[in-house]
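K.L.:
Please find the sequence and the predicted model below.
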Amino acid sequence: MPYRAPTIPEVPSTAIDRLLQSRFSEPADNVLKAIVAHFVCAGFQSTSMTYYALRRGSPTESYRLWVVACVLVSAAMTLASFLVYKIVVASAFIVQALLFYGLLTVALVGIAMAVAAVALYDRNAKEPPTKAALAADDLLGYEEYKGEPVRGARGGSSSGSGGAGPAPKTAETSAGDDNRSKSE
């Protein structure tokens with residue numbers, strides 16, 4: 001993809017004019033060449049404008065004024081690049097703070113997700129829920145697990161499932177529950 005050729009500035013020197021015409025009058029074939037061509041032509045355009053402003057009223061060309069114009073433009077470009085550098089470096093603490101606190105937030109959310117995944121993991125959906133899952137249900141406000149009301153601390157007995165949840169209902173435990181409710 002060819003890039004547009006820059007506008008060749010009018011300069012008082014025929015050697016510089018020939019150089020600019022031979023190097024930069026054709027469209028560039030890559031972006032780097034186009035950027036260099038536009039930068040060089042803009043520099044010579046600024047120098048020519050400064051030269052003609054200094055030479056105002058004088059009918060003859062002056063090498064000394066051309067040198068002064070070149071010095072002024074190069075000093076302005078140097079100062080501008082220095083100021084841009086200082087502004088970027090001075091504002092870097094803002095970018096550093098945004099990156100630091102943004103990535104710290106992402107890390108903390110990742111840790112929270114991992115803890116929640118470990119706490120709520122159900123190895124086998126057919127087994128009763130773990131104490132951690134039941135505690136999470138308490139936090140979330142769920143009052144039932146698989147249609148059965150869950151009472152008390154939700155820990156259940158330690159028999160049957162190794163203390164991980166309420167024991168499965170059998171004929172003996174059902175009869176024990178009936179006896180307990182009658183005695184209360």
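P.N.:
On my side now, so go ahead. Numbering: from 1, shown residues only.
K.L.:
the strands in this structure, which residues?
P.N.:
In the chain, the strands defined using DSSP state E lie at 144-145, 148-149.
K.L.:
which stretch in those strands has the least confidence?
P.N.:
Mean pLDDT is lowest for strand 144-145 out of these, coming in at a mean of 52.
K.L.:
quick one: low-confidence parts of the protein?
P.N.:
For the chain, the stretches with pLDDT under 70 are 122-129, 134, 136-184.
K.L.:
Sketch out the helices for it, chain order is fine.
P.N.:
14-24, 31-54, 63-90, 92-120, 131-140, 171-183 (DSSP state H).
K.L.:
Switch the ones you listed over to CSV; also include mean neighbour count and distance to residue 2.
P.N.:
Quick note: C-beta positions are derived from backbone N, CA and C, even for glycine. Converted to CSV, these look like this (neighbours: other Cβ atoms under 10 Å; distance: least, Cβ to Cβ, whole Å):
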stretch, mean neighbour count, distance to residue 2
helix 14-24, 13, 13
helix 31-54, 16, 9
helix 63-90, 12, 28
helix 92-120, 10, 36
helix 131-140, 15, 63
helix 171-183, 9, 85
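K.L.:
Export the ones you listed to a markdown table and append columns for distance to residue 6.
P.N.:
Listed next are the helices of the chain as a markdown table, based on distance: least, Cβ to Cβ, whole Å:
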| stretch | distance to residue 6 |
| --- | --- |
| helix 14-24 | 6 |
| helix 31-54 | 4 |
| helix 63-90 | 17 |
| helix 92-120 | 32 |
| helix 131-140 | 66 |
| helix 171-183 | 90 |
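K.L.:
closest to residue 3 out of these?
P.N.:
Residue 3 lies closest to helix 31-54 among those, at 3.6 Å (Cβ to Cβ).
K.L.:
orientation of that closest one relative to helix 14-24 in degrees?
P.N.:
Angle between the axes of helix 31-54 and helix 14-24 is 160 degrees (criterion: axes from the mean of the first three to the mean of the last three Cα atoms, to 10 degrees).
K.L.:
relative to helix 63-90, how tilted is helix 31-54?
P.N.:
Using the same axes, to 10 degrees: helix 31-54 against helix 63-90 is 130 degrees.
K.L.:
on that earlier part again, list just the one of the helices of the chain that sits closest to residue 4.
P.N.:
Of all the helices of the chain, the one in closest proximity to residue 4, counting by Cβ to Cβ, is helix 31-54 (7.4 Å).
K.L.:
Many thanks, we can stop here.
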